[in-house]
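S.K.: for reference, the sequence and a predicted model appear below.
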Amino acid sequence: MQHLTIRALSAAAVAGALSAPLLWAAGPALASQGGGSAVTKSGSCSERGVFTLKAKHDDAAIEVEYEVDTNRSGQTFNVRLTDNGTVILSRTVTTTAPSGSFTVSKRTANRAGSDVIRARAVSGANVCGGSVTL
């Protein structure tokens, strides 16, 4: 009987040792998730490129991330983010090497009710944009 107990404890120790690196590696990814789940919208721009808009609840705020990728460095875009019609970011951004993309991030207050986050980037006739609702 004692022989089975030692064997069971040895098996448990080996299993724990093998799974520890997996849990350690997953720790940062799980910690970075903070707040609620992200809502994502991706799509094509009117002429060239793709965009991704992500928003998620984070404490009493909303964290917004907007990326445009055209595979061309040096393009200038006028970028605007709104939350329920209120402008939360308005700036000019230039795509950078090596990917020919840009990313803007903004934290904004969590307004009452549903939040409709809209993103729009314009470079000449090329328009990229979409919306998500939290």
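M.R.: Looks like it arrived, so ask away. Numbering: from 1, shown residues only.

S.K.: next, give phi and psi for the most centrally placed residue in the chain.
M.R.: Nearest to the geometric centre of the chain sits Lys54, at 5.0 Å (Cα atoms, centre = their mean). Dihedral angles of Lys54 (phi, psi; degrees, to the nearest 10) stand at phi -130, psi 140.

S.K.: got the CA positions of the helix or strand that contains Glu63 in CSV?
M.R.: Assigned by DSSP states H and E, Glu63 belongs to strand 61-69. Presented in CSV, the C-alpha positions along strand 61-69 are these (Å, rounded to 0.1, in the frame of the first residue of the first chain):
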residue,chain,number,x,y,z
ALA,A,61,-13.0,53.4,-18.6
ILE,A,62,-12.9,52.1,-22.1
GLU,A,63,-9.7,51.3,-23.8
VAL,A,64,-9.7,51.8,-27.6
GLU,A,65,-7.1,50.7,-30.1
TYR,A,66,-7.2,51.5,-33.9
GLU,A,67,-4.8,50.2,-36.5
VAL,A,68,-4.6,50.8,-40.2
ASP,A,69,-2.2,48.9,-42.4
